[in-house]
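>>> what's the 3D shape of this:
(4 chains)
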2 protein chains.
Amino acid sequence: MLKNPITGLNKVFESRIRLGVMSVLMVNEEINFNDLKQMLQVTDGNLATHLVNLEENGFIKVHKGFIGKKTNTTYVITKAGEKAFAEHITALENMIKGVK
Amino acid sequence: MLKNPITGLNKVFESRIRLGVMSVLMVNEEINFNDLKQMLQVTDGNLATHLVNLEENGFIKVHKGFIGKKTNTTYVITKAGEKAFAEHITALENMIKGVK
DNA sequence: AAAAAGCACTTTGTAATACAAAGTAGTAAC
DNA sequence: GTTACTACTTTGTATTACAAAGTGCTTTTT
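Have a look, this model is predicted:
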């Protein structure tokens, strides 16, 4: 019987917006809301929803800070987030290997 | 400014079921409904819907044939499907490259 | 001091999507 | 002649995505 080529994919990372957030957080210490918004070309509400989703899944953490006196909310990946995303990437790589 | 790591991803292939169908069709000449169903562990209705979606997008074609006297519907990838999927894979690879 | 603007949301509403379950039509095997 | 199989379609529900507008707080501008 055929083997399922998509085992190990994480449902949370099926959304391209959440996928984008995680990819950036894998290589950047932290990002703020506005940069993320511009990068992914999404509306505030939409982005906020996806960020809440990622946070509720324990994959990112919110850091509320300041730049001078302006609020600056940044997002950071968690250990669990790194692990889950790495596994997802591995699953993707396996799938890609299968089609080549 | 940050560059969007997920440019070039195809919305149609965000669903893991459609992703699975396409992956298999990239390396198998054709597959039939039941094999696909077992492989992906989905219900008939759900699978049928995703197949219709892929067909309407011009990415797969349906072949209605027989094994002996039993009906045997198989699915084949189209040229357009191959192209679109290859581009999606490239986009995924680029994203993965970015996080390594 | 008042108005405008920016930040990071929350709320609201709508439309699309996913999915399971049940139904269907046409064989075919028992 | 009932049962089973195949490949759906239909129906209904629940989830999700998303835009748009509103909110509370602060800062900058006038």
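>>> The longest helix along chain A to helix B:79-99, inter-axis angle?
Criterion DSSP state H: the longest helix present in chain A is helix A:79-99. Counting by axes from the mean of the first three to the mean of the last three C-alpha atoms, to 10 degrees, helix A:79-99 lies at 140 degrees to helix B:79-99.
>>> packing partners for helix A:79-99?
Packing partners of helix A:79-99 (3 or more C-beta pairs under 8 Å, 6 or more residues apart in numbering or on different chains; DSSP states H and E): helix A:16-27, helix B:16-27, helix B:79-99. (C-beta placed from N, C-alpha, C; glycine too.)
>>> Could I get the average pLDDT for the longest one?
In this case it means helix B:79-99. For helix B:79-99, mean pLDDT is 96.
>>> CA atoms of it as CSV?
Taking C-alpha atoms only, helix B:79-99 is exported to CSV below (Å, rounded to 0.1, in the frame of the first residue of the first chain):
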residue,chain,number,x,y,z
LYS,B,79,1.1,19.5,-16.9
ALA,B,80,-0.2,22.6,-15.2
GLY,B,81,-0.4,20.6,-12.0
GLU,B,82,3.2,19.6,-12.3
LYS,B,83,4.3,23.1,-12.9
ALA,B,84,2.3,24.6,-10.1
PHE,B,85,3.3,22.0,-7.6
ALA,B,86,7.0,22.3,-8.6
GLU,B,87,6.8,26.0,-8.0
HIS,B,88,5.2,25.4,-4.6
ILE,B,89,8.0,23.0,-3.7
THR,B,90,10.6,25.5,-4.8
ALA,B,91,8.9,28.1,-2.6
LEU,B,92,9.0,25.7,0.3
GLU,B,93,12.6,24.9,-0.3
ASN,B,94,13.4,28.6,-0.2
MET,B,95,11.6,29.0,3.0
ILE,B,96,13.4,26.1,4.5
LYS,B,97,16.7,27.4,3.3
GLY,B,98,15.9,30.6,5.1
VAL,B,99,15.5,29.0,8.5
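>>> Could you measure from the residue positioned nearest the centre of chain A over to chain B?
Chain A has A:M22 as the residue nearest its centroid, 2.2 Å off, counting by C-alpha atoms, centre = their mean. Going from A:M22 to chain B by C-beta to the nearest C-beta, to the nearest Å gives 8 Å.
>>> any idea how far the closest residue to that residue other than its chain neighbours lies from A:L36?
Among residues not flanking A:M22 along the chain, A:F85 sits closest, at 4.8 Å (C-beta to C-beta, 6 or more residues apart in numbering or on different chains). Remark: distance between A:F85 and A:L36 (C-beta to C-beta, to the nearest Å) = 16 Å.
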